[in-house]
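Pasting the sequence and the predicted model now:
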Amino acid sequence: MSSDQLSLGEPNNQGQGNNAGKKMSILEGILEHFVYANEENGWSVVRVNVRGQRDLVTAVGNLLGVQPGESIRLKGYWISDRKYGEQFKVDSYTTVKPATLVGLEKYLGSGMIKGIGPVMASRMVKRFGLDTLEVIENKPERLTEVEGIGKMRVERICAAWQEQKEIKEVVLFLQSHGVTTTYAIKIYKQYGNQAIDIVSENPYRLAVDIFGIGFKTADKIAGNLGMASDSPQRAEAGILHALGTLSDEGHVCIPRQQLVEKAIKILGVGEDIIGGALDSLANQGLIAKEEADGELIYLRSLYASELGVANQAKRLLSADTKPLEIDVEKAITWFGQKFSINLAEQQKEAIRFSIFSKVMVITGGPGTGKTTLVNGIIQILKRKGRHILLAAPTGRAAKRLSETTGLEAKTIHRLLEFSPKSTAFEKNQENPLEADILILDEVSMVDVVLFYNLLKAIPDTAQLILVGDVDQLPSVGPGNVLKDIISSARVRVVRLTEVFRQAQASMIVVNAHRINLGKMPHPKSGEGKSDFFFIERDEPEEALKTVKFLITEKIPVSFGLTADDIQVLTPMHMGLLGASNLNKELQTLINPSPDAVSRGTRSFRIGDRVMQTRNNYDLDVYNGDIGKISAVNFVDREVKVNFDGRDVTYEFSDLDELTLAYACSVHKAQGSEYPAVIIPFHTQHYMMLQRNLLYTAVTRGKKLVVIVGSKKALAIAVKNNRIQERYTRLAERLSDI
């Protein structure tokens with residue numbers, strides 16, 4: 001966040017002093033637009049059109065729940081900010097029925113009521129004037145007097161109006177305890193008319209059940225409801241939050257003392273309270289404890305998954321399988337001759353092992369022939385009548401696997417037939433997959449929970465071939481499955497190291513391997529057009545300008561690629577060169593349409609590239625999936641996003657699951673390839689300057705990679721091979737089977 005945003009957006013005491021003794025004022029007006037909004041704590045800066053005021057009034061406070069166009073009554077104090085001048089600091093607010101025709105039209109057209117958009121709102125107000133709300137409430141049959149409204153639309157409007165009335169009580173209750181309107185509506189959708197009872201009984205359920213509500217928000221609500229800071233319920237919720245945060249960082253478990261220290265920092269209570277809460281959580285079966293060089297603490301689900309992977313691996317490795325009758329050397333020769341491929345010795349060795357190994361790993365960097373090898377295995381085993389299944393963690397990775405092999409490949413979720421109704425996989429140990437061999441690509445992306453569910457569905461008689469690049473970043477989710485399997489020494493591993501001559505022509509491939517060896521990348525020497533560039537820009541502002549110039553002018557002209565072909569990958573989310581700011585800049589540059597759906601300071605427009613940020617099993621979209629907004633319906637408050645040819649419909653209230661994806665973090669780009677990749681790389685990103693991150697970013701580009709930034713940042717990353725270790729015992733468990 002820039003210093004300007006910080007001064008304007010977040011509360012501070014500079015120039016504001018204390019509110020004690022200041023006169024409480026009330027303002028009423030129409031919310032015109034958001035200037036800034038922190039979606040985590042609701043702090044917002046807005047412009048309000050107040051009757052009698054010549055200019056728009058700047059109001060600051062917790063206002064994230066309201067929408068542009070709504071009439072609001074603000075209670076608070078006038079303050080004078082040293083930099084931004086006079087502002088109205090909001091202590092509380094309520095939405096009010098609009099008192100003017102313009103306000104009424106904006107209110108109805110803001111999308112608050114399904115079935116009424118801006119055009120229809122204008123017609124209704126023109127017909128009924130200030131009596132419009134009275135007509136909707138008490139004489140809805142008269143709505144057919146408005147052009148375009150028939151009986152079916154009247155029913156829809158009435159149902160939406162009734163729903164608004166029903167949730168009003170819930171929303172008012174939650175707002176009084178610090179919940180924004182946006183989240184209050186989501187809570188109502190989750191719990192219905194039981195929302196007040198559930199939240200009052202255990203507000204910490206919100207952090208688990210409602211996407212977007214974290215522990216801090218739930219804890220604030222609990223405090224407002226009178227829950228003591230040293231209550232056992234709060235301590236247990238804080239510990240589960242700490243374990244959840246650690247799993248988000250990739251850890252499967254954590255040493256007890258580290259967890260205790262983290263929980264004390266979060267909760268501000270004594271170690272005795274934390275110890276009691278740990279015992280209680282263990283007794284409830286919510287966590288697991290294990291002695292291994294000291295006590296380790298697991299979330300129960302992660303403990304079951306790690307243990308389950310080891311047990312399922314043992315089952316597969318020990319199961320008897322009828323050996324395949326095949327002359328391997330003859331088969332290798334046949335494949336080479338039929339497809340005019342001269343296999344390297346490492347590849348031949350991998351094919352030999354693939355014929356007879358129950359479980360094996362193929363790993364290697366770009367240009368080492370993993371794709372050719374997988375095709376060889378498929379062609380040989382298919383000729384022998386083997387039933388082969390192909391899978392990958394993401395839709396893009398599965399699509400690429402299909403294109404390179406000619407066979408259908410599915411995401412793991414679709415392969416295992418996830419059921420939103422039962423929130424479980426239909427394919428499991430009782431209902432296994434029908435396959436003789438399963439080939440799983442991009443295994444470095446697979447976390448321990450998903451891998452456990454996959455192993456459960458593999459029949460005893462099947463073989464499993466795992467393909468991936470162990471030098472890439474580990475999975476976004478908990479665990480380090482591929483690395484742990486290799487480290488266990490219980491599974492046959494073929495590491496491809498030879499870079500083929502045709503791949504050596506690509507400086508992307510050459511430099512990826514140089515980076516992996518701890519050497520600085522270098523541009524191509526000699527004649528011919530290169531596919532790898534480093535543009536030195538020491539100042540972040542200059543780097544940003546260069547990124548924008550590359551996307552709009554240089555790359556389209558020199559390489560014939562469009563903005564849709566270019567993906568910006570950045571190490572971090574915050575800062576001038578972070579994903580958040582880059583997305584705002586690039587959206588304005590690439591897709592400046594004025595028609596947008598606003599969520600706080602974020603806006604979504606038709607044509608925007610967006611990314612799903614969580615697994616949504618109901619919609620069948622998953623964390624990291626990238627799509628493009630194809631339609632926005634302001635009347636029904638819905639947005640359609642096209643994911644690889646499939647339209648998915650989001651309600652406006654669920655748009656916090658999406659983020660712009662013109663730029664994204666390197667972690668989120670795992671498993672994807674793009675025609676062109678631009679990588680801003682600066683010392684601003686110091687905490688994330690690691691070799692495996694840079695290596696992963698470079699290997700995402702197929703035709704072009706451009707790094708824009710400082711040589712110092714590049715050198716730091718290349719030298720920094722200190723990968724942050726994840727707490728996991730999978731390697732040890734596998735070693736013992």
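Received, thanks.

can you pull the pLDDT of the closest residue to Gly250 other than its chain neighbours?
Here the nearest residue to Gly250 in space, its sequence neighbours aside, is Arg726; by C-beta to C-beta, 6 or more residues apart in numbering that works out to 4.4 Å. For glycine as for every other residue, the C-beta is placed from the backbone atoms N, C-alpha and C. In this model, Arg726 is scored at 92, pLDDT.

Tell me how far the closest residue to Val443 other than its chain neighbours lies from Arg352.
Among residues not flanking Val443 along the chain, Gly468 sits closest, at 3.6 Å (C-beta to C-beta, 6+ apart). According to C-beta to C-beta, to the nearest Å, Gly468 stands 20 Å off from Arg352.

What segments of the stretch 401-550 of the chain are strands?
409-411, 418-419, 424-425, 437-440, 463-468, 492-496, 532-536 (DSSP state E, counting those that start in this stretch).

Out of these, flag the one nearest Asp625.
Comparing the strands of the stretch 401-550 of the chain against Asp625 with C-beta to C-beta, the closest turns out to be strand 409-411 (9.2 Å).

Can you list the helices and strands that the closest one packs against?
strand 388-392, helix 395-405 (3 or more C-beta pairs under 8 Å, 6 or more residues apart in numbering; DSSP states H and E).

Turn the ones you listed into JSON lines, including distance to Leu381 and mean neighbour count.
Output for the helices and strands packed on strand 409-411, formatted as JSON lines (distance: least, C-beta to C-beta, whole Å; neighbours: other C-beta atoms under 10 Å):
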{"stretch": "strand 388-392", "distance to Leu381": "6", "mean neighbour count": "22"}
{"stretch": "helix 395-405", "distance to Leu381": "12", "mean neighbour count": "19"}
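
Of those, which shows the lowest average pLDDT?
Across the helices and strands packed on strand 409-411, helix 395-405 has the smallest mean pLDDT, namely a mean of 88.

part of a helix, is Arg47?
No - counting by DSSP: H, G, I helix; E, B strand; the rest coil, Arg47 is not found in a helix; it is strand.

Could you pull up the residues touching it?
Arg47 makes contact with Leu31, Glu32, His33, Val35, Leu56, Val57, Thr58, Ala59, according to C-beta atoms under 8 Å, 6 or more residues apart in numbering.

ok, now Ile737?
Ala310, Ala313, Lys314, Leu317, Arg490.

Spell out the residue ranges of the strands in the stretch 201-350 of the chain.
Using DSSP E, counting those that start in this stretch, strands in the stretch 201-350 of the chain cover 253-255, 287-291, 295-299.

who are the neighbours of the shortest one, in terms of helices and strands?
This means strand 253-255. Applying 3+ C-beta pairs under 8 Å, 6+ apart, one finds that strand 253-255 contacts strand 295-299, helix 300-318.

now with 6 Å?
Identification of packing neighbours for strand 253-255 by 3 or more C-beta pairs under 6 Å, 6 or more residues apart in numbering; DSSP states H and E yields strand 295-299.

Okay, now the sheet partners of the helix or strand hosting Ile707, with direction.
Assessed by DSSP states H and E, Ile707 sits inside strand 701-709. Paired strands of strand 701-709, with direction, are strand 532-536 (parallel), strand 674-681 (parallel) (DSSP bridges).

And the average pLDDT for the first one is what?
What that stands for is strand 532-536. Averaged across strand 532-536, pLDDT comes to 93.

coming back round to it: including distance to Arg205, could the strands paired with strand 701-709 go into a markdown table?
Formatted as a markdown table, the strands paired with strand 701-709 follow (distance: least, C-beta to C-beta, whole Å):
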| stretch | distance to Arg205 |
| --- | --- |
| strand 532-536 | 50 |
| strand 674-681 | 40 |
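
Quick check: next helix or strand after the worst-scoring helix or strand of the chain on mean pLDDT?
Every helix and strand of the chain was ranked by mean pLDDT, DSSP states H and E. The lowest is helix 3-9, at a mean of 30. Sequence-wise, the next helix or strand downstream of helix 3-9 (DSSP H and E) is strand 25-37.

And that following strand, what does it pack against?
So strand 25-37, by 3+ C-beta pairs under 6 Å, 6+ apart, packs with strand 43-50, strand 71-81.

list the helices and strands the lengthiest helix in the chain packs on?
Counting residues, the longest helix in the chain under DSSP state H turns out to be helix 151-175. Contacts defined by 3+ C-beta pairs under 6 Å, 6+ apart place helix 151-175 against helix 181-191.
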